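Trainee: Predicted model follows, preceded by the sequence.
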Amino acid sequence: MNERRKEVLQMLAAGQITADEAERLIAALENGKSSGPAAGASDSGSESPARPKPKYLRVVVDAPADYEIGDHTGGSKGGPTQVNIRVPMQLLRAGVRLASLIPPQAQAHVNEALRENGLTVDLSQLKPENLEELIDGLSDMTVHVVDKNAKVAVFCE
Amino acid sequence: MIPLFAVIRISTRPDRRRFKPGSKPLPGWYGIWVPLFLVWLLLLPLVLVLLPLAMLALVMVRVNPFRALATFWQILSGLTGTHVEVNAPDASVLVRIF
């Protein structure tokens, strides 16, 4: 046990994990169960537990029968509407990589169009590693909207 | 791995029951299995012919053709596992790619 605790502390000292992650890892070691996440733990090759990366982005919409969809989309009233979408994270990753393939000539036009619409984003500054971080950040995202008309959930699994 | 099959099921009847993966099609459902691997095989000769032209075009617009091809392949591979299911009062649609 002491060896593992030492490994965690070494990872913390090397900057591979944050103090919070180290604390959770040590707590998990003390409890004898592997419940703590560590972003850099799996890279170090140690036996430390690591949270599995989510594979899918899920979008679930559940609108009960008394919700009149026709108000917005031209549909008709009369029954529940359910939407269940599962998008592989790999597809999202590949999709955002497309942004880095925009030709330089087109990037200027896109930047200008974005600026005109109030978005000061420079596409030339988008790097694949930034996009990876963006997608990885999605794994912690959970959106739950509970309304009298519908329930919407967006999460990763 | 690139997707090998796609399942498309459509129901225009007002059926409130949801499709359960692996189960038999519900009454009123019209489904089709699309053998994507056959589509890829059929498209392969065309791709081989068009690939040099596409690479040339990418080089002309100053885009790394290998990176573009890798991204395209990743998008194709990423489609595996896609599941879109919409159950509306008037119609239901299910698309699964695997």
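Mentor: Here it is on my side, so go on. Small disclaimer: the values here were computed from a predicted structure and weren't measured.

Trainee: what about stretch B:40-59, distance to the chain center?
Mentor: Taking the mean of its C-alpha atoms, stretch B:40-59 sits 19 Å from the chain's own mean (CA atoms, centre = their mean, to the nearest Å).

Trainee: Show me what the mean pLDDT comes to for it.
Mentor: Averaging pLDDT along stretch B:40-59 gives 93.

Trainee: buried ones in it?
Mentor: Residues of stretch B:40-59 classed as buried by neighbour count (16 or more other CB atoms under 10 Å in any protein chain shown): B:Leu58. The way it works is simple: take the backbone N, C-alpha and C, and place the C-beta from them, glycine included.

Trainee: Just the CA trace of it, in CSV.
Mentor: Written as CSV, here are the backbone C-alpha positions of stretch B:40-59 (Å, rounded to 0.1, in the frame of the first residue of the first chain):
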residue,chain,number,x,y,z
TRP,B,40,-17.8,0.2,-49.4
LEU,B,41,-16.7,-2.7,-51.7
LEU,B,42,-18.7,-1.2,-54.6
LEU,B,43,-17.3,2.2,-54.0
LEU,B,44,-13.7,1.0,-53.6
PRO,B,45,-12.8,1.1,-57.4
LEU,B,46,-14.4,4.6,-57.7
VAL,B,47,-12.4,5.8,-54.7
LEU,B,48,-9.2,4.4,-56.1
VAL,B,49,-9.8,6.3,-59.3
LEU,B,50,-10.8,9.6,-57.7
LEU,B,51,-8.2,9.5,-54.8
PRO,B,52,-5.3,11.0,-56.9
LEU,B,53,-7.5,13.7,-58.1
ALA,B,54,-8.8,14.5,-54.6
MET,B,55,-5.3,14.6,-53.3
LEU,B,56,-4.2,16.9,-56.0
ALA,B,57,-7.2,19.2,-55.3
LEU,B,58,-6.3,19.2,-51.6
VAL,B,59,-2.7,20.1,-52.3
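
Trainee: Just confirm yes or no for that stretch near chain A.
Mentor: No - using CB under 8 Å from any CB of the partner chain, stretch B:40-59 never reaches chain A; the gap is at least 8.7 Å.

Trainee: and B:Thr80, how many neighbours?
Mentor: 17 (other CB atoms under 10 Å in any protein chain shown).

Trainee: sec struct for it, please.
Mentor: Secondary structure for B:Thr80, judged by DSSP: H, G, I helix; E, B strand; the rest coil, is coil.

Trainee: Write out the residues of chain B neighbouring chain A.
Mentor: So chain B meets chain A at B:14, B:16, B:18, B:61-64, B:67-68, B:71, B:74-75, B:77-90 (CB under 8 Å from any CB).

Trainee: Weed out the non-buried ones from those.
Mentor: Taking 16+ other CB under 10 Å as the criterion, what is buried in the residues of chain B next to chain A is B:63, B:68, B:71, B:74-75, B:77-85, B:87-89.

Trainee: Centre of the chain to stretch A:116-131, how far?
Mentor: 18 Å.

Trainee: contact partners of it?
Mentor: A:93, A:96-97, A:99-100, A:102, A:104, A:107, A:110-111, A:114 (CB atoms under 8 Å, 6 or more residues apart in numbering or on different chains).

Trainee: still on that earlier bit, among the residues of chain B next to chain A, which are in strands?
Mentor: Using DSSP state E, B:83-87 are the members of the residues of chain B next to chain A that sit in strands.

Trainee: Flag whichever of the residues you listed scores worst on pLDDT.
Mentor: Within these, lowest confidence goes to B:Asn87 (86).

Trainee: give me the number of residues near the closest residue to that one other than its chain neighbours?
Mentor: Distance criterion CB to CB, 6 or more residues apart in numbering or on different chains; nearest residue to B:Asn87, sequence neighbours excluded, is A:Gln82 at 4.3 Å. Using other CB under 10 Å, the number of residues around A:Gln82 comes to 18.
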